[in-house]
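Novice: here you go, sequence then predicted model.
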Amino acid sequence: MFIRISRLLSAACLGLALVATQSPAQGRAPPADGLIKVRSAYSVEETIARIRKDIADKGIVFFMAVDQSQLAADAGIRVRPSTLLVFGNPPLGAQFLTSNPYSGLDWPVRLLVLQDESGAVWAAYTDFDWIARRHGIIDRQAQFAMASAVVASITSVVRAD
């Protein structure tokens, strides 16, 4: 248990450093559409594998992977590779629900790994500041900062730049 908490805190510190270097106070405007897009240096399959490993290493609960391109293919529709990963930390996510139960629409965390028309692979997720604004949550700044830090840390394992 101590190792799990230590790993999560280490990830949070790394993530906070990453978030701090991109904060609005330092020139990064929050995305208007609420999407954070991280270009991956790897294939879709390798990106998913690396992200899932990092989630497991941090002791975060992995709920499911939804292969959207396979679902589309099963319906006779061709879609570029696209997989939705759903994961989270229930004690952290529950904090948002206690502030506004409708925030459950955005919890647990969803991260989309996809390949665009040029062949580039991306990991995308909803900006946590955007989620806070969407649900009018003003009493969970520390928890949103933690969530932002952790997902920034997770996506850093595949970041191309």
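Specialist: Cool, the structure landed.

Novice: surely residue 136 meets residue 100?
Specialist: Yes. Counting by Cβ atoms under 8 Å, residue 136 does reach residue 100; the two are 6.4 Å apart. C-beta coordinates here come from the backbone N, C-alpha and C atoms, glycine included.

Novice: now do the host helix or strand of residue 55, average pLDDT.
Specialist: When elements are assigned from DSSP states H and E, residue 55 belongs to helix 44-57. Taken as a whole, helix 44-57 carries a mean pLDDT of 98.

Novice: the helix or strand following it versus helix 44-57: what angle between them?
Specialist: Scanning forward in sequence from helix 44-57 by DSSP H and E, the next helix or strand is strand 61-67. Between strand 61-67 and helix 44-57, the angle formed by their directions is 170 degrees, by axes from the mean of the first three to the mean of the last three Cα atoms, to 10 degrees.

Novice: so between residue 136 and residue 100, which is more surrounded?
Specialist: Neighbour tally, residue 136 and residue 100, criterion other Cβ atoms under 10 Å: the higher count belongs to residue 100, 17 against 10.

Novice: now that one: phi and psi?
Specialist: For residue 100, the backbone dihedrals (degrees, to the nearest 10) come out as phi -150, psi 110.

Novice: could you pull out the strands in the chain for me?
Specialist: Along the chain, counting by DSSP state E, strands occupy 35-39, 61-67, 82-88, 109-115, 121-126.

Novice: what's the burial count for residue 55?
Specialist: Under the neighbour criterion other Cβ under 10 Å, residue 55 is assigned a count of 22.

Novice: where's it relative to residue 111, distance?
Specialist: From residue 55 over to residue 111 the distance is 9 Å, taken as Cβ to Cβ, to the nearest Å.

Novice: what does residue 46 give?
Specialist: Distance check for residue 46 against residue 111: by Cβ to Cβ, it reads 15 Å.

Novice: same question, residue 64
Specialist: From residue 64 across to residue 111, the span is 12 Å (Cβ to Cβ).

Novice: any shared contact partners between those two?
Specialist: Between them, residue 64 and residue 111 share these contacting residues under Cβ atoms under 8 Å, 6 or more residues apart in numbering: residue 85.

Novice: quick one: which of these two has more around it?
Specialist: Neighbours were counted for residue 64 and for residue 111 using other Cβ under 10 Å; residue 111 has more, 21 against 9.

Novice: quick one: contacts for residue 127?
Specialist: With contacts defined as Cβ under 8 Å, 6+ apart, residue 127 is in contact with 30-31, 34-36, 148.

Novice: need the contact list for the closest residue to residue 104 other than its chain neighbours.
Specialist: In space, residue 104 comes closest to residue 97 once its chain neighbours are excluded; the distance is 5.6 Å by Cβ to Cβ, 6 or more residues apart in numbering. Neighbour list for residue 97: 103-104, 107 [criterion: Cβ under 8 Å, 6+ apart].

Novice: I am finished for the moment; much appreciated.
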